[in-house]
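Novice: Fold the following, please.
(one chain, ligands or ions: 1)
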Amino acid sequence: MTFSDRINHDEQADCEGCPLVPERREFLRSVSALALAAISLGLPIRSATAKVLASAVAGRKQLSYAVPAVDGADIDRDNDVILVRYKNEVFAFNLSCPHQNTALRWNETDLRFQCPKHHSQYQPDGVFITGRATRNMDRLAIRRDAANNIIVDPDTLYRSDEDAAQWQAAVVKL
Ligand code: FES
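Specialist: Model prediction:
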């Protein structure tokens with residue numbers, strides 16, 4: 001039974017003996033279609049939750065994440081941070097595309113980031129592959145603390161075209 005069939009089956013079971021409400025049926029169809037589209041496009045399905053830590057600098061914060069258990073991208077939409085584990089390295093990126101600040105998407109199938117606006121693509125380590133952007137994804141300052149958590153400073157951003165050495169060094173090696 002497909003996901004869509006299951007929805008229709010549940011829908012009929014819930015409403016046995018009563019007419020289906022057209023709006024509800026349409027809503028369930030839309031949800032089902034969106035879910036299937038997201039799966040087939042490999043859109044981001046993992047999300048990260050940060051523990052917010054006080055920073056030594058007033059008015060700023062630091063974010064603490066558990067080390068991702070497996071390779072892939074985790075999106076923290078509350079803080080506009082992407083956390084990536086890839087080949088025993090962890091990176092933190094700003095969620096925005098460096099071209100015109102559109103929220104990037106992770107394509108699990110191709111293991112790359114894609115911008116939905118002008119279709120720039122980036123490797124898991126943020127290196128630019130193709131598209132209208134003119135630099136790599138912007139990395140955030142990152143370190144590992146004594147308790148083995150990943151600590152990200154969302155206010156310290158490195159651009160590969162202006163801070164090449166710091167951009168290169170913004171990685172935690174596992
Ligand atoms: S905003 Fe991403 S490529 Fe233009």
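Novice: mind listing what the most centrally placed residue in the chain touches?
Specialist: The chain has residue 75 as the residue nearest its centroid, 2.9 Å off, counting by Cα atoms, centre = their mean. With contacts defined as Cβ atoms under 8 Å, 6 or more residues apart in numbering, residue 75 is in contact with 44, 46-48, 81-82, 95, 106. No exception for glycine: its C-beta is placed from N, CA and C like everyone else's.
Novice: Among those, which lie within strands?
Specialist: 81-82, 106 (DSSP state E).
Novice: show me where pLDDT drops low in this structure?
Specialist: Scanning the chain for pLDDT under 70 picks out 1-45, 54-58.
Novice: near the ligand, which residues of it?
Specialist: By the rule Cβ under 6 Å from any ligand atom, the part of the chain lying against the ligand is 97, 99-100, 102, 115, 117-118, 120, 131-133.
Novice: sec struct for the closest residue in space to residue 60 that isn't next to it in sequence, please.
Specialist: Among residues not flanking residue 60 along the chain, residue 155 sits closest, at 4.9 Å (Cβ to Cβ, 6 or more residues apart in numbering). Of the three states, residue 155 takes strand according to DSSP: H, G, I helix; E, B strand; the rest coil.
Novice: Could you check how far residue 155 is from residue 167?
Specialist: Separation of residue 155 from residue 167 (Cβ to Cβ, to the nearest Å): 16 Å.
Novice: quick one, which of the two is more surrounded?
Specialist: residue 167 (20 against 13; other Cβ atoms under 10 Å).
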